[in-house]
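**Q** I would like to see how this sequence folds:
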Amino acid sequence: SSMMMFHGLRLSQGTTNIEADEGRASKIDFEDSVWHFTGNVVIDVEAGHIESESAELRFTDTQLRCAIIEGSPATFELRRPGSEETTYAQAGKLKYDLTAGIVEFSDDAIITEGGNQISSSFLMYNITEQRINAQSSADGGEKVKITVIPEAVAKPEVTEEEIP
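**A** Here you go, the predicted model:
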């Protein structure tokens, strides 16, 4: 029942890097453990970057399997597979299932891709399929909002001769 506490913590395992002001764990290994991080939490995994106030990370068989992240807001950046584009998201709470490749965003969730934005009380992003599922609040409150920025229409080039 002992608890280990770390200050100014930086952990690295493969492509996963974690930094926080403070970390707590009941076991030092990553075999089957739960780690709690607070204060300036930064998590880098494969193509993703997360910043938050607190995080609970669950390790199974030495691999990070699930992360529950909270902030006001917590932010998430994902470099999309096979693309140079980045998906940006923020929410009060994120639940990231690394095995399934699914991130659930709740509490004022916003996802932005290529200038387009979707916001709702709950959004789910499937990283593998690059698909967003949005739900409005059950009590009839907040609705799903989508803002689409049309691609810029090509403007004709102006040469010096055409300028009066």
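
**Q** and the end-to-end length of stretch 121-134?
**A** This stretch, stretch 121-134, spans 8 Å end to end (Cα to Cα, to the nearest Å).

**Q** so which bits of that stretch are buried?
**A** Using 16 or more other Cβ atoms under 10 Å as the test for burial, stretch 121-134 gives 121-125, 127, 132, 134. Where C-beta positions appear, they are placed from N, C-alpha and C, glycine not excepted.

**Q** ditto for stretch 100-119
**A** Across stretch 100-119, burial judged by 16+ other Cβ under 10 Å covers 102-107, 109-113, 118-119.

**Q** can you check stretch 84-94 too?
**A** So, applying 16+ other Cβ under 10 Å, buried residues of stretch 84-94: 87, 89-94.

**Q** who's in contact with the longest strand along the chain?
**A** The single longest strand within the chain, with elements called by DSSP state E, is strand 63-79. With Cβ atoms under 8 Å, 6 or more residues apart in numbering as the test, strand 63-79 has contacts from 13, 16, 30, 41, 43, 45, 47-59, 85-99, 103, 105, 107-108, 125, 127.

**Q** out of the residues you listed, list just those in strands.
**A** Using DSSP E, the members of the contacts of strand 63-79 that fall in strands are 13, 16, 41, 43, 45, 48-59, 86-97, 103, 105, 107-108, 125.

**Q** give the partner strands of the helix or strand bottoming out on mean pLDDT in the chain in its sheet and their orientations.
**A** The helix or strand of the chain with the lowest confidence, counting by mean pLDDT, DSSP states H and E, is strand 145-147 at a mean of 83. Paired strands of strand 145-147, with direction, are strand 116-126 (antiparallel) (DSSP bridges).

**Q** pull the number of nearby residues for Glu51.
**A** Using other Cβ atoms under 10 Å, Glu51 has 19 neighbouring residues.

**Q** what sits against it?
**A** 40-43, 71, 74-75.

**Q** swap in 10 Å and give it another go.
**A** Neighbouring residues of Glu51 by Cβ atoms under 10 Å, 6 or more residues apart in numbering: 19, 40-44, 69, 71, 73-77, 90.
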